[in-house]
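3D, please:
(one chain, ligands or ions: 2)
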Amino acid sequence: TRHKFWETQPVGQFKDIGDTNLPEGPIEPPTLLSEVKQEPYNLPNLYEWINCDISSEEMCNEVYSLLANNYVEDDENMFRFNYSKEFLRWALQPPGYFRTWHIGVRVKSSKKLVAFITGIPAKIRVRDEVVNMAEINFLCVHKKLRSKRLAPVMIKEVTRRVHLENIWQAAYTAGVVLPTPIASCQYWHRTLNPKKLIDVGFSRLGARMTMSRTIKLYKLPESTVTPGFRKMEIHDVPAVTRLLRNYLSQFVVAPDFDENDVEHWLLPEENVVDSYLVESSETHEVTDFCSFYTLPSTILGNPNYSTLKAAYSFYNVSTKTPLLQLMNDALIVAKQRDYDVFNALDVMENDSFLKELKFGPGDGKLHYYLYNYRIRQALKPSELGLVLL
Ligand SMILES: CCCCCCCCCCCCCC(=O)CSCCNC(=O)CCNC(=O)[C@H](O)C(C)(C)COP(=O)(O)OP(=O)(O)OC[C@H]1O[C@@H](n2cnc3c(N)ncnc32)[C@H](O)[C@@H]1OP(=O)(O)O
Ligand SMILES: CCOC(=O)c1cnc2ccc(OC)cc2c1SCCC#N
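Numbers count the residues shown, from 1 in each chain. Ligands and ions are numbered 1, 2, ... in the order given. So this is what the prediction gives:
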């Protein structure tokens, strides 16, 4: 058995791939709340569970440090995600969040935080069904405690706590292949600071290319080109919600955002999320929207640089301005704001601008998963309207 834990879970199993007799939808029915295990799963003796109050400065520092030192690295150990504290508070406290779903594991004696996993509630539409789900993220076990089967316990515990809130499905992404992806996406990278990306060893000077020629290749205008292109403001929430809900309705899997969700996830917050829209000067109608979130990475083992400033494409809608032009304006803003790279997945309609805007394909894949919800057959990235942090 290749996946001793995952083969026990209500997820699509590899052996079932292609079996179109299996119905789409929940794999297991909900259980009665009285039947949900009332007490936490057992941890190895030295450890204890802790609910992490991310709004507490001290707790947020501990979570930040655990992730900054032990969270995801690329295959070549060139980068490690360095989620900021304000980003973590944003990511973990959306409307309706549960503090009990921000789960830590501490060493009983030293009180040191050594593991973490989180859930947040989200309404996710799958085809025509809007399903109450948990979005699971930030699963992290300290480097010194790896390969001790702690992750399955963390996963079972967050599952138990989600069940206690009468939620039976979840969504998550991972760079690793597990039973069984509903879609597999590719990262694309648009160089904004070529010299730095070459110096850190991510990019290489092209054949017959000089550094100055390479800098010229990635050069962008000093200012955005779309008339009416401006930052989103709180009074734009109703219009942006309408625009986004309508746009996302075309995808097989997408969040079902209401105005409260849009205000939380898309209203600009410095160093966390940036959103811009196009307001028509004559009709004052909001016709287009683009957004990106800020996720820096620690640059590992480089004497000259410590941090990579990366922007990640979030939700973009174009109804009047060509998507290509809208996204080029997003690149221009990111360059103005001194980002080193602008990253995007090939989800939604992103494929239509990636090559033309000089994005290059990454070597990493991002696999999307649903827990306790079967999809008849894997989706194409263009059928996905969901971006997880
Ligand atoms: C109704 C609600 C349901 C809610 C829950 C839904 C499900 C949510 C699922 C979680 C979604 C998280 C999403 C998310 O956070 C975004 S993906 C980022 C995950 N975190 C990292 O990569 C950080 C660095 N790595 C680590 O901290 C550890 O390596 C982790 C903790 C990843 C594994 O710790 P370890 O010390 O290296 O390994 P053991 O403890 O010995 O455990 C080995 C088992 O863990 C399976 N494994 C490995 N990586 C996984 C991953 N990324 N997802 C799921 N499972 C993963 C692996 O296949 C094996 O099971 P198998 O034997 O069956 O193959
Ligand atoms: C320069 C392009 O690469 C990245 O931006 C980057 C940065 N930090 C990471 C940390 C962990 C990591 O683990 C998979 C990958 C990166 C990546 S590439 C995949 C993310 C994107 N786009």
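
and residue 366, how many neighbours does it have?
Residues near residue 366, counting by other CB atoms under 10 Å, number 20. Placement of C-beta: from N, CA and C, glycine included.

got the contact list for it?
Contacts for residue 366 (CB atoms under 8 Å, 6 or more residues apart in numbering) come out as 173-175, 184-187, 345.

which among those end up buried?
For the contacts of residue 366, a neighbour count by 16 or more other CB atoms under 10 Å gives the buried set as 173-174, 185-187, 345.

can you tell me which two in these are farthest apart?
174 and 186 (14.4 Å; CB to CB).

ok, now which ones touch residue 20?
Neighbours of residue 20 in contact, by CB under 8 Å, 6+ apart: 376-377.

how about residue 389, what does it touch?
Contacts of residue 389 by CB under 8 Å, 6+ apart are 87, 91, 137, 293, 295.

Surely the last one and residue 86 touch.
No: applying CB atoms under 8 Å, one finds residue 295 not in contact with residue 86, separated by 11.8 Å.

Looking at those two, which is more packed in?
Using other CB under 10 Å as the criterion, residue 295 and residue 86 rank with residue 295 on top: 19 against 15.

ok, now how distant is that one from ligand 1?
13 Å (CB to the nearest ligand atom, to the nearest Å).

what do you get for residue 221?
Remark: distance between residue 221 and ligand 1 (CB to the nearest ligand atom) = 36 Å.

quick one: that residue and ligand 2, what's the gap?
For residue 221, the distance to ligand 2 equals 22 Å [CB to the nearest ligand atom].

Can you classify the closest residue to that residue other than its chain neighbours as helix, strand or coil?
Closest residue to residue 221 apart from its sequence neighbours, by CB to CB, 6 or more residues apart in numbering: residue 332 at 5.7 Å. Secondary structure assignment for residue 332 (DSSP: H, G, I helix; E, B strand; the rest coil): helix.

and residue 332, what is it in contact with?
220-225.

How about residue 215?
Contacts of residue 215 (CB under 8 Å, 6+ apart): 194-195.

ok, then the element right after the helix or strand where it lies?
Residue 215 belongs to helix 211-217 when assigned by DSSP states H and E. Using DSSP H and E, the helix or strand that follows helix 211-217 in sequence is strand 229-231.

now residue 227: how far from residue 290?
Residue 227 sits 15 Å away from residue 290, going by CB to CB, to the nearest Å.

For these two, indicate the residue with more neighbours.
More neighbours surround residue 290 than the other of residue 227 and residue 290, with 27 against 10 (other CB under 10 Å).

Give me the mean pLDDT for the host helix or strand of the more buried one.
For residue 290, the enclosing helix or strand under DSSP H and E is strand 286-294. For strand 286-294, the mean pLDDT works out to 98.

partners of it in the sheet?
Note on strand 286-294: by DSSP bridges, its sheet partners are strand 273-279 (antiparallel), strand 310-313 (antiparallel), strand 317-318 (antiparallel).

Give me the residues contacting the second one.
Strand 310-313 has contacts (CB under 8 Å, 6+ apart) with 274, 291-297, 327, 330, 334, 339-345, 350, 387.

Contacts only, for the residue nearest to residue 138 when sequence neighbours are not counted.
Spatial nearest neighbour of residue 138, excluding adjacent residues (CB to CB, 6+ apart): residue 118 at 4.7 Å. Taking CB under 8 Å, 6+ apart, we find residue 118 in contact with 92, 101-103, 136-138, 158.

okay but residue 308 is in contact with residue 296, surely?
Yes: judged on CB under 8 Å, residue 308 makes contact with residue 296 at a distance of 6.3 Å.

For those two, indicate the residue with more neighbours.
Shown here are residue 308 and residue 296; by other CB under 10 Å, residue 308 has more neighbours (24 against 21).

And the pLDDT for the more buried one?
Looking at residue 308, its pLDDT stands at 98.

try residue 228
Note for residue 228: predicted pLDDT of 98.

What's opposite the residue in the stretch 101-250 of the chain positioned nearest to ligand 2 in the beta bridge?
Closest contact between the stretch 101-250 of the chain and ligand 2, by CB to the nearest ligand atom, is at residue 187 (3.7 Å). On the basis of DSSP bridges, residue 187 is bridged to residue 345.

which bits of the stretch 51-200 of the chain sit near ligand 1?
For the stretch 51-200 of the chain, the contact set with ligand 1 under CB under 6 Å from any ligand atom comprises 70-72, 134, 136-141, 146-152, 155, 158-159, 162, 167-170, 172-174, 176, 178.

Buried subset of these as a ChimeraX selection?
ChimeraX command restricting those to the buried ones, with burial defined by 16+ other CB under 10 Å:
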select :70,71,72,134,136,137,138,139,140,141,150,151,155,158,159,162,167,168,169,170,172,173,174,178
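
Just the ones in helices from the residues of the stretch 51-200 of the chain next to ligand 1, please.
Using DSSP state H, 70, 150-152, 155, 158-159, 162 are the members of these that sit in helices.

Distance to residue 359 for the residues you listed - can I get that in JSON lines?
Formatted as JSON lines, these follow (distance: CB to CB, whole Å):
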{"residue": "70", "distance to residue 359": "29"}
{"residue": "150", "distance to residue 359": "37"}
{"residue": "151", "distance to residue 359": "32"}
{"residue": "152", "distance to residue 359": "36"}
{"residue": "155", "distance to residue 359": "33"}
{"residue": "158", "distance to residue 359": "34"}
{"residue": "159", "distance to residue 359": "36"}
{"residue": "162", "distance to residue 359": "36"}
